[in-house]
Structures are given as C-alpha cells and as structure tokens.
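Undergrad: Show me the folded form of this:
(chains A, B, C, D, E and F)
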4 protein chains.
Amino acid sequence: MPKDTFFNLPKEKQERIIEAAIDEFATHPFHQARVTVIAEQAGIAVGSFYQYFEDKKDLYKYLMGLLVEKKLSYINSDMVKNKDKYDFFQLLREVYLSGFRFAKENPRLLPIGLMLANDKELYREIFGEYEDQSAEFFQQLLEYGQVQGAIDPAINPKIMGKMLTGMLYSLTDFIMEDGKFDLDDMKIIDQMLYFIENGLRKK
Amino acid sequence: MPKDTFFNLPKEKQERIIEAAIDEFATHPFHQARVTVIAEQAGIAVGSFYQYFEDKKDLYKYLMGLLVEKKLSYINSDMVKNKDKYDFFQLLREVYLSGFRFAKENPRLLPIGLMLANDKELYREIFGEYEDQSAEFFQQLLEYGQVQGAIDPAINPKIMGKMLTGMLYSLTDFIMEDGKFDLDDMKIIDQMLYFIENGLRKK
Amino acid sequence: MPKDTFFNLPKEKQERIIEAAIDEFATHPFHQARVTVIAEQAGIAVGSFYQYFEDKKDLYKYLMGLLVEKKLSYINSDMVKNKDKYDFFQLLREVYLSGFRFAKENPRLLPIGLMLANDKELYREIFGEYEDQSAEFFQQLLEYGQVQGAIDPAINPKIMGKMLTGMLYSLTDFIMEDGKFDLDDMKIIDQMLYFIENGLRKK
Amino acid sequence: MPKDTFFNLPKEKQERIIEAAIDEFATHPFHQARVTVIAEQAGIAVGSFYQYFEDKKDLYKYLMGLLVEKKLSYINSDMVKNKDKYDFFQLLREVYLSGFRFAKENPRLLPIGLMLANDKELYREIFGEYEDQSAEFFQQLLEYGQVQGAIDPAINPKIMGKMLTGMLYSLTDFIMEDGKFDLDDMKIIDQMLYFIENGLRKK
DNA sequence: GATGAATGAGGTTTCATTCAT
DNA sequence: AATGAATGAAACCTCATTCAT
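TA: As a prediction, this is how the structure comes out:
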C-alpha cells in the first residue's frame, strides 16, 4: 500500500504519478520498468517516489488494485444482482460487452495485466494463489445455463469455461491492435455471440 | 544467428546448451534470464558462450526459431499438402490436435512463447512486424470452409480466426496446468470441436 | 550549539527531544543514527529539528556536553575541593564509586560514550585533540599519593593511570551487562579496591 | 566466506585487497566503510569486488577471522599446552606479552576489533552470542592460580577476570597512541605485572 | 515557530560483455 | 577454442537537509 503521503498529495499530482507509472509498466515488464523513468515522467524527484511508496513493487501492486477495481466497475452491477431475471445469453453478452468497453477505454491497462499474468512469481505475490477467476465465473454461468435449460447438456462447463475465457482475451486483442481493423465494435461482439450461441444452445 | 563455432560443436554439447537455455528462458522473462546461469547449467564457461553467440539475444532468437520449427513439425504435413481432400472440420481437428500434442510434449517451450508475446519490443525484434500468423491461418481456413460450403456464410472469417486462436491458447493452458484436471485429453479436444462445429456449421 | 529556538522551548519539550536523541544514539553509531527517528520519537516534525539544531552533529555535540556535565556532577565535589584532607585510597574509592553510580543510574549514556570513543574522526571534532582526561586525572592522583607516601614509589604514575582507567571501563561493563551477575554492587567495588590497594600501597 | 575466485587470486593481489580493506575498516565503522573506496584503493573494479566476496559483510567477517587467527598465533602455544609447568605469574606475563606484541605489530587491526565490539548487532552476527572470552580466560587462570596457592584466596576470580581484561585493553591503547610515550615497551609490561602481582599474590 | 513534503547525492549490488591467457 | 576473471554502466533505495506554506 502506498504511504499516507501519497494519498495526501493533490489529486492532480497523484494522477500524474499514476499516469507515468502506467506508461512505464505498460511498455516494460515489471523488472524492466525503471523507477527513475516514472519519477522523471511524473516530474518528481526519485526521493519523493520513495516517500510515497514503499518500493517499486508497492506502486505496482497498487496499480493492479486500481486495474481490478476499474475493471469491476464496468460490469453492469444491476444485472449481476438480478441475474435470475436474465437469460444465459443476455448475461454472456453483458459480460463480453463490459470486458470490451473496459478494454476500449483503458487500452494502456491491458498490457500490464497481460504481462503480470506471465510472471508467475510476481502474480502470486500480488494475487496470491487464487486461480483464474474468469474461467471459473464462466463455468458457473454455464452450469446455471444448463439448469435453466438454455445450454446443451453435452457441453462440459469446465472446458467450455476456459474456452470462453480464451475468446474474451482474443476480444481484447482486437482493441490492442486497434486501428488495424475496420470492423465496427458491435459487429465484433455480435459475431462472437452468434457463433457462441450456435455452439452452445440446446438443440 | 549463432556463430559457426556453435555449429561446429559436437551435437551433444549443442544440445546441452540449448537445454540449459530453455530451462532459463522458460522460468524467466528475457531480461531476467541470466547468461551466467545458462553457461553454468550447460557446463561451459561464460566466455565460451560469447564465442558461440553474438549475445544473449542471439541465442534467444535462435531458440525461437527452433521453437517455430518444432511446432511446425507437429502438423501433419500430408494433410496440409492435400488439404483439398479434407473437409474443414477434419482440418481444424488436425490443427488443434497438433497444437495439443506439441504443447503436451514440449511443455517447457510454452511459457517462453507466452513471455515473448508480452514483450512487444522484443517480439518485434525477433519476428519483425508480421502479424499473428495463427489467426491469419485460421482465417484462410474459414474462408476455404465457406467456399466449400461447410461453414455458415454469416460467419466473419477475420473475427472468427481470432477466436479460434484464442481457444487454441486456452487449450495450451490446460497443458500448463496439467495435473489439476482429471479430464482425459481426447475428451477436451472433442468437446472443443463439438462446440465449434455447432457454432460454425452451415445450417 | 543548538539554536536559541531550542532553548526557548518549554523544558518538557526540550527533554522529550533529548530523551529521543539518547535513545537513538545509544543504539546506533553516529552515522547510523537517523534524524527522522529522533524527530518522530520526540513527537516533532523533521523541519522543526533543523530549527533547533544546526544539523545532526550539532545535537550530538550538545548531548556529549550534557553527558560530561552529568558525569562530573556525580563526583563528590566536596572531596575534590578538600582533597588534601583525604587519603589516596579514600579518594580513589570515591572516584570509582562516582563512576559506578553514574553508570548505574544512566545506563543508556554509556554506549554513546563508547561508540564515540571508537570514531576517532568524530571524537576529534567534538573533544578536539585533548587526551583521555581520565588517565591524566588518575596519574595526578597517583603522583599526589606518592608525595603523600601512600603509594609505592616504584609505581610509574603514567602507566598506572592508564591501568586504573582500564579498570574503570571494566566496571561500567559490569553495569551494561547487568542482570547477568549476581554480585552485589558494593562487593564489586570492594574487590577492586582491595586488589588495587594491595598492588599499589607502599610496602 | 569469500568466494573461490578470491582464493584463486595471486597472493599479491589478495593482499592488496586485504590491505585496502583493513585501511578502510580501521578508519570507518562498518556501515561507514565504502566498498568503492576499498576497490579503488586495491586497484580493482567494483564489479570484481563482488566476484570475490558475497558482499561487504562477507569481506568484513573474513577480516575478523584473520584477525582472530593472527591474534591467536601470537600466544606461545607451547606454554598453553604445558601450562601446569608454569607458575601463574609466568603465564599471565606471557598472555600480556603476546597481546602486546600483537598490538605492536598489527596496529591497524586494533581499531577494527574495537569498533566491532561496539556494534552489538554486527558483533552478534559474526561471533554469535558467545561472551567476552578474554574475561573468562582470565577468570579460569585465576581459579587455577588459587588452587596452585599463588593467588590470594580473597580475590573473586570473576570480578578480577574482568579487571585484567580492562588492563589488557589499556595496554593496547598505549600502542594505538604510539609515539606519544617515551616509555620503553618492557618497562610498561613490567610495571603492570609488578602492580598486578602485588595486588593478587597470597600474603 | 511548526510542519512535512521535496530533493538528490551517494552507497550497494547485479550482470552482460570483454579481455587476457 | 576455452576459460573465467575484469569491467563498469546501471538500477534500487536511503536519508540528511532544504523549502514552501
């Protein structure tokens, strides 16, 4: 956790630092990211950095917290709360849409998350041992869908949960390569769901 | 490219070095991987390392080449050559199976590829600007499938190519988390294809 | 010398600062002692510290002055003034006793003095070039004792002055290791003097 | 322990490094001593330093080992082995003489030992919890002397052990202030022993 | 006077690469 | 070719001191 000194800073300055950090961490894996660069970018002295944060990792963890928090803020909480009022495919669409919107509006945060995912050691230090929640979430959604009768009972929720996660990653890939595609956003989502729906729906 | 001195080495020694390198790069991102460790592991002197390779990156690039080569060796070349004799879903199954087998038999190579994928700068240096070939390959396959009449014409090959890639990644994830799942291999592949087939087949 | 601002402070606050400083300097050699810790302990801001003292050394010097002053306050000034009324061994006993009482009642001050004694550079800056006064004092006492006829004339006052000093240090060592010995205080002093008296008295 | 690389160095270079280290540690307390200075003095690169030693503390511990070893080499091992052939005061003289000779010939090592003695934390790390062996040694010698009948039974060996240690320290002080005294060496030792003998001998 | 954030020089340590044998 | 010591450019982090309010 950042020290109090950080939170006592004017919002504007806090943001400058966070922005600088995101810039650095988005372009370099943790160990390659340099405190000096962040400080310089943010227009503060290196010494100040260490008055705000315990060390480089401290800032990094904090950033990850923000990322998670922000990501969660994108999902329609109303739908989550009343998920029994919605049909499986409506829920799925919502999940994909929220992931999509988040990625679209926070493109620089994406690579940070991805890099972390590939540094097992660091990942564990930050998120502990807990597993890829995404796949698990989809798995539960699928089980629920099967109970509802919307999903083909031949589908194995565990395997398919993983697959839906993989496709979600692909979706964010589109965003990261933005500009290279002339497809409009809705069309992408619709395509995915069209495909998934045909693949999963009970026949 | 490694220097001639490297290729003049007895095969056994070459292999020892490659194995050591794989070990190190599989557990550490490029910048974290240490030449010293590789040399030690391989039982050679650090100085020798630099007589075989230009520098750390040189070895890394070479390794990547091997990886790609090896990966390609897993796909059934007969099928590729005579792909017009096969039906779309047969081809797809073959691709997934080869990816699966490769991952299963070369588990240490997987994380290397993943880490590289997250170091954009390095990636570019090694593979240049050229795009995710996997997605493109699937895209072509899909287009071919549509011509053949096997694939629903409402499917957008570009988008779906990306999705099939994402699912392929998920598949390798299963292997990397091996032991945690009690699913038998064929079942996983079958499930995936069952789902994909329902999702894509012309109705 | 501390600035006026320090002396204008309420006595209570001055003491808090001094106490904090003693705590820090008693547990860390000068260069290891941290201004921040002292300020925090004393409940003042770091900035304030520099309004009271020129710098860290300033406080340290001041502390040393206090230490010396306090130490001197322990010797029976009446005896010093009328030292011709007393016999050599009475005087010696008084000196050892005062050293003993000082150490006993100010245990935290002892290590500060010891540490300083080992940082020649710093020592010189604070006490200048002037020599170990303790040894010199004992030397004079011994010379006086020889004149008096109490001390064996074969004794060399310079050498023996040094030795008496060394034994005084050993005495304070007993205090610093307090609790480890089950000897009662008077017994220690008596032993020492018994030994010294036998060693020195004119035969 | 220094790494093998250090011991593989030509003796001459090893010595240059040790000399440089002694110089630095003799004039600065551990935390104040700078690796850079040692390296520069020794005429090696900083990087080399770390190829020879784990870190600063590693070198320091090694130095301490040398010091102890050297110190022990000064005592007449023949006498120690056959100590029952000697009289208490002969043994004591030998101990003081060896301490004296060591100090005389290795004046720069003395302050290092003294500084360490005052950094409790560091001391513990290097010598563990074990107590001032010097005092204990003297204590045993005294007990032996009492059994022999040479020493006044009224003497408390524990207290007096400490005192003899204190005087030994004073003796080394003479050496460290060398040049300031016009006393010749033997005279100092003789004086001390004359005094001690009178103080301790059974009457 | 009081505060506590801001500063930056300086110290330790790492490691890719070069050099000398 | 083979070796492994030598090098030095970074990088992280600490903390006395100054500054601005």
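Undergrad: mind showing which ranges of chain A have poor pLDDT?
TA: In the predicted model of chain A, residues A:178-183 satisfy pLDDT under 70.
Undergrad: domain parsing for chain A?
TA: A:4-64, A:73-200 (automatic domain parsing).
Undergrad: Quick check: the nearest residue to A:Lys203 once chain neighbours are set aside vs B:Asp184, distance?
TA: Nearest non-adjacent residue to A:Lys203, counting by CB to CB, 6 or more residues apart in numbering or on different chains: A:Asp152, 6.3 Å away. (Each C-beta comes from the backbone N, C-alpha and C, glycine too.) Distance, A:Asp152 to B:Asp184, by CB to CB, to the nearest Å: 20 Å.
Undergrad: and these two? which has more neighbours close in?
TA: Comparing A:Asp152 with B:Asp184 by other CB atoms under 10 Å in any protein chain shown, the one with more neighbours is A:Asp152, at 17 against 9.
Undergrad: Quick check on the more buried one: phi, psi?
TA: Dihedral angles of A:Asp152 (phi, psi; degrees, to the nearest 10) stand at phi -50, psi 120.
Undergrad: Can you tell me the element the residue nearest the centre of chain A falls in?
TA: Nearest to the mean C-alpha position of chain A, by CA atoms, centre = their mean, lies A:Lys71 at 5.4 Å. According to DSSP states H and E, A:Lys71 maps onto helix A:56-73.
Undergrad: And that helix, how far out from the chain middle?
TA: 10 Å (CA atoms, centre = their mean, to the nearest Å).
Undergrad: what about it and DNA strand F, touching?
TA: Yes. Counting by CB under 7 Å from any atom of the strand, DNA strand F is contacted by helix A:56-73 at A:Lys56, A:Lys57.
Undergrad: same question, stretch A:114-128
TA: No. Stretch A:114-128 stays clear of DNA strand F (CB under 7 Å from any atom of the strand), getting no nearer than 13.1 Å.
Undergrad: For DNA strand E, what's its nearest residue on chain A.
TA: A:Gly47 (1.5 Å; CB to the nearest atom of the strand).
Undergrad: May I see the buried residues of stretch A:48-64?
TA: A:48-50, A:52-53, A:56, A:58-64 (16 or more other CB atoms under 10 Å in any protein chain shown).
Undergrad: Sorry, slip of the keys, the one I care about is stretch A:133-152.
TA: Neighbour-count burial for stretch A:133-152, counted by 16+ other CB under 10 Å, picks out A:134-136, A:138-139, A:141-142, A:144-146, A:150-152.
Undergrad: In helices only, show me the residues you listed.
TA: A:Ser134, A:Ala135, A:Glu136, A:Phe138, A:Gln139, A:Leu141, A:Leu142, A:Tyr144, A:Gly145, A:Gln146 (DSSP state H).
Undergrad: so what's the residue nearest to the centre of chain A up against?
TA: Residues counted as contacts of A:Lys71 (CB atoms under 8 Å, 6 or more residues apart in numbering or on different chains) are A:Phe102.
Undergrad: Would you mind pulling up the elements that the longest helix seen in chain A packs against?
TA: Criterion DSSP H: the longest helix present in chain A is helix A:157-176. Under the contact definition 3 or more CB pairs under 8 Å, 6 or more residues apart in numbering or on different chains; DSSP states H and E, helix A:157-176 sits against helix A:88-105, helix A:109-117, helix A:133-148, helix A:185-200, helix B:157-176, helix B:185-200.
Undergrad: out of those, deepest packed?
TA: helix B:157-176 (a mean of 22; mean count of other CB atoms under 10 Å in any protein chain shown).
Undergrad: Next, the angle from that helix to helix A:185-200.
TA: With axes from the mean of the first three to the mean of the last three CA atoms, to 10 degrees applied, the angle from helix B:157-176 to helix A:185-200 works out at 60 degrees.
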